[in-house]
Structure formats: structure tokens, C-alpha cells
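**Student:** build me a model from this:
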Amino acid sequence: MRNGHRAAIALLLSLVVLGCAPKGGARTKHTVSASSANRTAPAQQLLLDAGYQALENQQYNEAIAKAEEFLAGTPHGPGSAEALYLKGRGIEGKNAAGVSTDEARQNLQAARTAYIEALEQNPKQPLESYIHASLGNVAYFQDDYQSAVGQLNASYDKLDSDDIKAWVLYRVGLSQQRLGQFTQADQTFGAVQQFHPNSVPAQRSREHQGARAFYVQLATFASAATADQAAADLKKHGVAATRVSDAQGRSLLRAGPIASYSQAQYMRGRFAEKYPDAFVLP
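**Tutor:** The predicted structure follows:
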């Protein structure tokens, strides 16, 4: 995969741009080499080069078009798996540009289909691991956490960027946590800190460890009295709510504890009109 460093950028962007808001991350570059037996013809390689360049420039439709042009000429064989990977990344990237909820869902499913088709082409390493990681990433955003764990774990050992490996392992921990596998999640978060110390995912792993239930953070108030009144109103509707303080001394209104992530998502949706900025913890 001659342009593996570009693929790495694309993957890392998918891990952090589309990831747990409001968290973010940095880009990284590295080189992935391909065996001469698996290299594409020069003209076809130019299409991949142009597609990756478009992807880096956030020209997602152009990246998809270059991938599809490649596949029209070479639906199977050298480079086809990478073209499908590029197509999936372009489709995912469209979500980062801001689209409707329905379109975002459609894009995720289309990207998932592209990655599955790419794996069916029996790609060489390390491309195979990048595809597994991207497929796991899409599954995560589709709330398919069981598949996310499997695909992300399948990618981890063969990835050749420590930065990306840290994000992948951290995403495994998040998926386990959302499945209610709190003990396994804590072990995974511990592994992130052990094998990827001083990284952003290691810091976030520390913040996520120890959870045994979910909460919905509904709102932030400057006044404790206002937060207490909001909590009292929620309790009238049968919702357990508490006020906690953050490091800035603000009052945070939280509903919970809630046993499962799906129940917490339902709770968030229930109060979305009144508290549009609500989100689920952890």
C-alpha cells in the first residue's frame, strides 16, 4: 500500500473526528510499504494517489469518485481492496462535514459495506488491519459494540502506528463499557495506559475507569439553586436526578444511575427537547 501514510491519516481522523464528542485528537503520519507482487499498475496507482489527496483535502465526493473509477477498471485484483477502503473512508468523511441524521446513518452503512467488500478481496497486511479498524470504527458509531470489539481487536496487533493503536484499544474499552462489560473495559483501559503511556487515549482511559453505571448529563448551571430546582422537577416525573460540581464550580445536573447504555440513550432522547445538549456518561 504505497500511500499507507495517507490511509493512516484517514483512519485516525475517523477515530477522533467522528468519535466521542467533545473529545478530539491529533493526526499522525507514517509509511506503509507494499510488496512488489501486490502493487497496482501506474495508471491505476495515480487514481489512488489522487483519491488520497482528495481525502486529505476533505474533498470526499472526489475521493469516492476516484475509488469508483479505479474499481470500474479493476473490480478485483491488486489495489481493489485499497480502492474499496478509500471509498469507505470518503463516505465516512462526508459525515464529518455535517449531514442529517438519516444521511449519516446511510453513510455509515455504505462505508461498512465498502469495508466488508474490501476484506473479501483478501488484502495484504497492513491494509487488512486498517480495514478491520475502520470497520470496527463504523460499527461503534452504529451502536454495534459487539462487532466493534471484534473488528478493532482484529486490527490491533498488525497496525504499525503506536498512536493509532492507542486510539483503537481505547475504542475497544469504550465499546466494552457500553456493552456493560465494566470489568473488561477497566482491563482494556489499563492496557492503554500500560502500553501507550503519555498518550491522549491513556489520559481518557483513566477518566473512564471505574464506571459501573451510566448517567445522562442534562445541563450545566451557574447556580446550585437552579440545578437543585431542575433536579426536583425531574424527580416529580419519576427520574432520579442529582447535582454535582465540576472543577470550575459549576453545577451539573445528571440523571441516573442507569443500568444500560441503551436505557441511558432512551433517557437522553426523552429530555432532548428540554435539554438538547445532554449526553451520556461515561
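
**Student:** quick one: contacts for the residue lying closest to residue 199 once chain neighbours are set aside?
**Tutor:** In space, residue 199 comes closest to residue 166 once its chain neighbours are excluded; the distance is 4.5 Å by CB to CB, 6 or more residues apart in numbering. In this view, the C-beta of every residue, glycine as well, is placed from N, C-alpha and C. Contacts for residue 166 (CB atoms under 8 Å, 6 or more residues apart in numbering) come out as 192, 195-196, 199-202.

**Student:** need those residues in a markdown table (columns: pLDDT, secondary structure and distance to residue 180).
**Tutor:** Below are the contacts of residue 166 laid out as a markdown table (pLDDT from 0 to 100; DSSP: H, G, I helix; E, B strand; the rest coil; distance: CB to CB, whole Å):
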| residue | pLDDT | secondary structure | distance to residue 180 |
| --- | --- | --- | --- |
| 192 | 98 | helix | 19 |
| 195 | 98 | helix | 25 |
| 196 | 98 | coil | 25 |
| 199 | 97 | coil | 26 |
| 200 | 97 | helix | 25 |
| 201 | 98 | helix | 21 |
| 202 | 98 | helix | 23 |
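
**Student:** got a quick PyMOL command for the buried subset of the residues you listed?
**Tutor:** Buried residues among these (16 or more other CB atoms under 10 Å), as a PyMOL selection:
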select buried, resi 192+196+199+200+201+202
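
**Student:** which pair in the contacts of residue 166 spans the largest distance?
**Tutor:** Farthest apart among the contacts of residue 166 by CB to CB are 195 and 200. That separation is 14.2 Å.

**Student:** quick one: the helices in the protein?
**Tutor:** 4-17, 42-56, 60-73, 80-96, 101-119, 127-141, 145-156, 162-178, 182-195, 200-208, 224-236, 261-270 (DSSP state H).

**Student:** so which of the ones you listed is nearest residue 217?
**Tutor:** helix 261-270 (9.2 Å).

**Student:** relative to helix 145-156, how tilted is the closest one?
**Tutor:** Computed by axes from the mean of the first three to the mean of the last three CA atoms, to 10 degrees, the angle separating helix 261-270 from helix 145-156 equals 120 degrees.

**Student:** which helices and strands does helix 261-270 pack with?
**Tutor:** strand 214-221, strand 251-258, strand 279-281 (3 or more CB pairs under 8 Å, 6 or more residues apart in numbering; DSSP states H and E).

**Student:** any idea of the mean pLDDT in that helix?
**Tutor:** On average, the pLDDT along helix 261-270 is 96.

**Student:** and that helix with strand 214-221, angle?
**Tutor:** Using the same axes, to 10 degrees: helix 261-270 against strand 214-221 is 30 degrees.

**Student:** buried residues in helix 261-270, which are they?
**Tutor:** 261, 264-265, 267-268.

**Student:** ok, the closest residue to residue 193 other than its chain neighbours to residue 179 distance?
**Tutor:** Nearest non-adjacent residue to residue 193, counting by CB to CB, 6+ apart: residue 202, 4.6 Å away. Applying CB to CB, to the nearest Å, the value for residue 202 to residue 179 is 22 Å.

**Student:** could the helices of the chain go into CSV alongside distance to residue 255?
**Tutor:** Converted to CSV, the helices of the chain look like this (distance: least, CB to CB, whole Å):
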stretch, distance to residue 255
helix 4-17, 28
helix 42-56, 40
helix 60-73, 37
helix 80-96, 28
helix 101-119, 22
helix 127-141, 24
helix 145-156, 22
helix 162-178, 17
helix 182-195, 19
helix 200-208, 19
helix 224-236, 6
helix 261-270, 6
